[in-house]
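Undergrad: Show me how the following folds:
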Amino acid sequence: MLDKKNPLSLYIQMKQIIMNKINDGEWKVGDKIPSETELCEQYNISRITARRAMTELEHEGLIERKPGKGTFVKFAGISQELSKFYSFTEEMKIRGFTPSSKLIDIEVVYPDEEIRTALSMDIQEKVYLIKRLRLANGEIIVIDRSYLPCKLFPELEQYDFEQHSLYQTLQEQYGIVANVAEETIDAILINKENADLLEINKNTPGLLIKRVTYSDETPIEFNHRIVNRDKYKYKVVLR
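TA: Numbers count the residues shown, from 1 in each chain. Sure, this is the predicted structure:
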């Protein structure tokens with residue numbers, strides 16, 4: 001309950017109670033939470049106090065109000081540190097999220113000049129293109145396109161990349177360990193095709209990540225990633 005003798009304002013106490021319920025997992029992403037009226041009755045506070053607590057939580061991205069439906073716990077997003085090599089699957093697990101992938105397509109294609117150069121390939125060589133949606137706790141975060149040389153990974157199409165990590169498969173099936181990467185990050189407006197896949201509005205600001213992954217000094221993957229910046233942010237660590 002709220003303590004009226006506490007020097008903290010009642011709305012801050014109310015806000016903290018709601019945050020604790022979300023952080024402790026009592027209220028999970030997508031759960032409907034009590035209305036302002038219900039909070040007033042349950043905690044004996046004014047409508048103004050309840051509204052201010054809810055408004056601040058909404059501005060901070062922890063909850064969202066859906067007209068005619070109520071207020072729900074919102075996916076607050078993920079912050080990715082850029083200080084070491086990482087894989088999406090392992091980073092999600094470390095942060096307590098459940099990673100998953102939805103395979104859109106896997107095909108053999110001739111890469112364009114940018115990809116050929118990045119992967120040190122000849123013009124006649126082909127790559128596997130693996131196109132996936134990457135999710136955390138069921139939330140679509142990224143459109144992921146991986147280009148891998150066919151000569152390094154024959155019969156790669158036989159593996160199920162909805163159920164298995166790409167990098168783990170490369171290590172276990174081909175003995176190639178991904179351990180170094182170079183990334184460039186650009187701000188973009190997401191076009192309709194990609195916005196539909198991410199289930200957001202066309203021309204929403206997003207991030208374009210281009211990544212060349214190496215096994216020691218050998219380039220093994222060119223990755224093209226469209227990121228919903230509201231759900232996945234990058235943070236550079238300087239030491």
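
Undergrad: switch to C-alpha atoms for all contacts and neighbour counts from now on
TA: Will do.

Undergrad: Mind telling me what element Leu129 is part of?
TA: Taking DSSP states H and E as the definition, Leu129 sits inside strand 127-136.

Undergrad: Next: Asn194.
TA: Counting by DSSP H and E, Asn194 is part of helix 192-198.

Undergrad: What's the first helix or strand after that helix?
TA: strand 205-215.

Undergrad: Okay, buried residues for the next helix or strand after that following strand please.
TA: Once the chain leaves strand 205-215, the next helix or strand it forms, by DSSP H and E, is strand 218-227. The neighbour-count check on strand 218-227 (16 or more other C-alpha atoms under 10 Å) flags Pro219, Ile220, Glu221, Phe222, Asn223, His224, Arg225, Ile226, Val227 as buried.

Undergrad: Might you report the residue contacts of the fifth one?
TA: For Asn223, the contacting residues are Asp144, Arg145, Ser146, Tyr147, Ile209, Lys210, Arg211, Val212, Thr213, taking C-alpha atoms under 8 Å, 6 or more residues apart in numbering as the criterion.

Undergrad: in this protein, which segments are predicted with low confidence?
TA: 1, 76-83, 234, 236-239 (pLDDT under 70).

Undergrad: Domain parsing of this structure, as residue ranges.
TA: The chain breaks down by automatic domain parsing into domains covering 10-73, 78-235.

Undergrad: mind giving me CSV with the buried residues of strand 218-227 and columns for distance to Glu125?
TA: Listed next are these as CSV, based on distance: C-alpha to C-alpha, whole Å:
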residue, distance to Glu125
Pro219, 14
Ile220, 14
Glu221, 14
Phe222, 14
Asn223, 17
His224, 19
Arg225, 23
Ile226, 26
Val227, 29
